[in-house]
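Participant: predicted model, plus sequence, below.
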Amino acid sequence: MAVQTQTRWQRAQVIEVSDAAEGVRRIVLAPERPEHAAPGTHVDVELDVGNGVRRVRSYSVVRSADGGRRLTLSVRLSPTSSGGSAAMHRLRAGDELTVTAPLQNFPLAVGATRYVLVAGGIGVTALVAMASALRRRGADYELVLVGRSRAVMAYVDELAAEHGDRVRIHVDDEGTPLVVDDLVARIARTPAAAGTELYMCGPIGLMNAVSRSWTEHDLPATNLRFETFGSGGRHPAEEFLVRLPDLGREITVAPDTSILDALEAAGVETLSDCRKGECGLCLAKVVGSTGVVDHRDVFLSDSQKERSDRLCLCVSRAVAAPAEAGGGPGVPAVLSLRLT
Amino acid sequence: MSRTASPSTAAAPRATAAAKIFNYPRNAWYAAAWDHEVTGRQPLARTVAGVPLALWRTTEGRAVALADACWHRLAPLSMGRILGDELQCPYHGLRYNASGRCTGMPAQETVNPSAVVPSHPVVERYRYVWVWVGDPDLADPATVPDMHRMDDPAWAGDGETIHADCNYQLILDNLMDLTHEEFVHSSSIGQEELSEAEFDVTHEGDTVTVTRWMRDIDAPPFWLKNMRDKFPGFSGKVDRWQIITFQAPGTICIDVGVAKAGTGAPEGDRSQGVNGYVMNTITPETDRTSHYFWAFMRDYRLESQTITTQLRQAVHGVFGEDEEMLRAQQRAIDANPGHEFYSLNIDAGGMWVRRILERMLEAEGRPSSAPSAGQGA
């Protein structure tokens, strides 16, 4: 099967909306040129986020039915994200929007001995179709669902019904949080360890923890696969300032926007490609910071993030330094950057 | 002339003319290469059903079929190097493992998690590397066409590949009706009894069988030589058979042979004869080019490499005549876009093959005419 990577824009009609969980909207689209969306695909959606500003956001295809005539997306309304989720939540049946044909960045490989799918929060959207495909294939798989509370976890009942005892559910406020190291240690102990592929989608903290544990247990790095939409960081998003000494500009980055979007809106020319912290094309030099850089990308290595002399404009942010270091609420961090 | 056809389960009447440039199913196993062509030393570039592939082997000897375009800037990976269990792009050095996952990128400490090229399901069987370029979830190794005589110890022989400049369906037509031997292969296997003899056509599921017996005839040169390899000094009349079996989407194994006339071969006793199997599997490359893998296997004088070589050379000569005809036919088709195909009674086998391929294409939601074929008037 060809990997779907060509961006072909088209119109799509919203044919159904409903709530999939607290704060999670399920949206079914009928694209004008239907195309089956394989497990792991997403669509890019062009959204009006207010004031005529148009933004492109990526959403996993939860399910593709009837040869792609019904594509289900699910969107968590994020108080701190970039305005895309609010626009998606405003959609009603009959509305039209501009979307791409399904794009594939996260394909499910063929032939692994065993599969483990780890979904953190809304990351489940990338894994629902994969789990179904594995069940149809008769593969050996396990689906791990992780969330803060059951009320906000989309599809949890549906998945439990579909996959039975292949599902493991970890809920923080039920006292059953996922202990990442236990999960990975258990994988490492099985005879199929070297042939086990782990697919994950969720907050960067969870993915980093899995990634670290995977390395510690000497599991093959290439068997670890993940999808990021630049979601979530170590710190809650807050407003901060970006200073561009070379251009003599100072630009405010609101909690619901990214540096890249803010620079583009301010007419600063930038380079970027993936817009989700993977490719490194938007990398900028950090020449000064009054706060803490919250790296949310997967391009830089841990040691590079620790040095923190460069960051990915598309997903990474800054937060004010702790009060004892002279920062605190109401004193936005100032990040001085040199663009490429 | 008789034709028997078992009742078809989905035989909706079709009034449309036969497609001239036939589309190919994607959800199928196709022979991509002979096993010895795929190595761990250097990748092999081969296009299967329109999909360019880089074929190579891991250190364990497992055959791998990656899409032949780097994720980064689409440079052909088949021009790259095999480094242990990884294939390295010849342009910027990105490395991919057997599942198509990128494992190394230049000038950065991490690897973009999105970087992956498709790795297609592969099965190695019957001396061929079979590849599935369609939906991998449907790739069932049990559905590789049966060509077991290719590596069955009761059979010996060898074959070659023809890169045929024609749509794959023209080759299937050619093999499903051997009447053409009389005209195309008059110096080797052709004889006028071919077009005089009756034949039976049957079909079941995804297979079609055409059976033709010619009794009490002179053996043509090719078969006289084979009889004398087994029965030195043989002369006299023979009973000759051709039993053609098609397996979707492109495999045709032909049970061929002659036996001393009247010794019971049509009734099942072939001990007084020589039996060969012409093993053909046709892989569409593009709409107008095909990989035609063939071998001639025999069940006698298994020890003789000389006979293996002689038979391979003889069939090479015969198939060279087909290749020339098929190329000329494709040219004439392209030069006469306003003309339709018409069918003869001898096309029954080939037309059942089309029906099966049409069903497969329909299941994939694709038309039976290749999109580039244009429309006949």
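Facilitator: Perfect, I can see it now. Numbering: from 1, shown residues only, chains lettered A, B, ... in the order given.

Participant: isn't there a strand covering A:A12?
Facilitator: Yes: under DSSP: H, G, I helix; E, B strand; the rest coil, A:A12 sits within a strand.

Participant: would you quantify the distance from it to chain B?
Facilitator: 20 Å (Cβ to the nearest Cβ, to the nearest Å). Quick note: C-beta positions are derived from backbone N, CA and C, even for glycine.

Participant: spit out the contact partners of that residue.
Facilitator: Taking Cβ atoms under 8 Å, 6 or more residues apart in numbering or on different chains as the criterion, A:A12 is in contact with A:L29, A:A30, A:P31, A:E32, A:L71, A:E96, A:L97, A:T98, A:V99.

Participant: list buried residues within those.
Facilitator: Among the contacts of A:A12, those classed as buried by 16 or more other Cβ atoms under 10 Å in any protein chain shown are A:L29, A:A30, A:P31, A:L71, A:L97, A:V99.

Participant: relative to B:N167, which of these is nearest.
Facilitator: Nearest to B:N167, judged by Cβ to Cβ, of the buried ones among the contacts of A:A12 is A:P31 at 32.5 Å.

Participant: let me see the contact set for the closest one.
Facilitator: A:Q10, A:R11, A:A12, A:G68, A:R69, A:L71, A:V99, A:A101.

Participant: buried residues in stretch B:271-291, which are they?
Facilitator: B:272-285, B:287-291.

Participant: now stretch A:280-288
Facilitator: Quick answer for stretch A:280-288 (16+ other Cβ under 10 Å): A:G280, A:L281, A:C282, A:L283, A:A284, A:V286.

Participant: of these, which pair is most distant in space?
Facilitator: A:L281 and A:V286 (16.7 Å).

Participant: pLDDT value on residue 104, please?
Facilitator: Just going to use chain A. A:Q104 carries a pLDDT value of 86.

Participant: wait, chain B
Facilitator: 94.

Participant: which ones are touching it?
Facilitator: So B:G104 contacts B:E86, B:G93, B:L94, B:R95, B:V111 (Cβ under 8 Å, 6+ apart).

Participant: ranges for the helices of chain B?
Facilitator: Here chain B has its helices, by DSSP state H, at B:168-176, B:181-184, B:193-196, B:221-230, B:305-335, B:348-363.

Participant: name the stretch among the ones you listed that sits most buried.
Facilitator: helix B:168-176 (a mean of 25; mean count of other Cβ atoms under 10 Å in any protein chain shown).

Participant: pLDDT averaged over that helix - what is it?
Facilitator: On average, helix B:168-176 scores 96.

Participant: other SSEs contacting that helix?
Facilitator: Helix B:168-176 makes packing contacts with strand B:237-247, strand B:251-260, strand B:273-286, strand B:289-298, helix B:305-335, helix B:348-363 when contacts are defined by 3 or more Cβ pairs under 8 Å, 6 or more residues apart in numbering or on different chains; DSSP states H and E.

Participant: closest to chain A out of these?
Facilitator: helix B:348-363 (11.7 Å; Cβ to the nearest Cβ).

Participant: then the closest one to CSV, C-alphas only?
Facilitator: The C-alpha trace of helix B:348-363 is given here as CSV (Å, rounded to 0.1, in the frame of the first residue of the first chain):
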residue,chain,number,x,y,z
ALA,B,348,-13.2,-18.9,-24.0
GLY,B,349,-10.4,-19.6,-21.6
GLY,B,350,-9.0,-16.1,-21.9
MET,B,351,-12.4,-14.6,-21.5
TRP,B,352,-13.1,-16.5,-18.2
VAL,B,353,-9.7,-15.2,-17.0
ARG,B,354,-10.9,-11.6,-17.8
ARG,B,355,-14.1,-12.3,-15.9
ILE,B,356,-12.2,-13.3,-12.8
LEU,B,357,-9.9,-10.3,-13.1
GLU,B,358,-12.8,-8.0,-13.5
ARG,B,359,-14.3,-9.4,-10.3
MET,B,360,-11.1,-8.8,-8.5
LEU,B,361,-10.8,-5.2,-9.8
GLU,B,362,-14.5,-4.6,-9.0
ALA,B,363,-13.8,-5.6,-5.4
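
Participant: and A:L134, how far is that from A:M153?
Facilitator: 20 Å (Cβ to Cβ, to the nearest Å).

Participant: so what's the residue count around A:V17?
Facilitator: By other Cβ atoms under 10 Å in any protein chain shown, 18 other residues sit near A:V17.

Participant: correction: A:G164
Facilitator: For A:G164, using other Cβ under 10 Å, the count is 9.

Participant: now do the SS call for it.
Facilitator: helix.

Participant: now the buried ones among the contacts of A:A12 in JSON lines, with pLDDT?
Facilitator: As requested, those are exported to JSON lines (pLDDT from 0 to 100):
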{"residue": "A:L29", "pLDDT": "97"}
{"residue": "A:A30", "pLDDT": "97"}
{"residue": "A:P31", "pLDDT": "96"}
{"residue": "A:L71", "pLDDT": "97"}
{"residue": "A:L97", "pLDDT": "93"}
{"residue": "A:V99", "pLDDT": "96"}
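
Participant: tell me the domain ranges of chain A?
Facilitator: A:9-103, A:114-227, A:240-338 (automatic domain parsing).

Participant: could I get the ones you listed as JSON lines with distance to B:W130?
Facilitator: As requested, the domains of chain A are exported to JSON lines (distance: least, Cβ to Cβ, whole Å):
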{"stretch": "domain A:9-103", "distance to B:W130": "22"}
{"stretch": "domain A:114-227", "distance to B:W130": "18"}
{"stretch": "domain A:240-338", "distance to B:W130": "34"}
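
Participant: out of those domains, flag the one nearest B:A115.
Facilitator: domain A:240-338 (8.4 Å).

Participant: what about the closest one, start to end distance?
Facilitator: 16 Å (Cα to Cα, to the nearest Å).

Participant: helix or strand right after the longest helix anywhere in chain A?
Facilitator: Ranked by number of residues, the top helix in chain A under DSSP H is helix A:204-216. Heading C-terminal from helix A:204-216, the first helix or strand you meet, by DSSP states H and E, is strand A:224-227.

Participant: now look at that following strand and say if it contacts chain B.
Facilitator: Yes: interface with chain B: strand A:224-227 contributes A:R225, A:F226, A:E227 (Cβ under 8 Å from any Cβ of the partner chain).

Participant: how does chain B divide into domains?
Facilitator: According to automatic domain parsing, the ranges for chain B are B:39-120, B:145-370.
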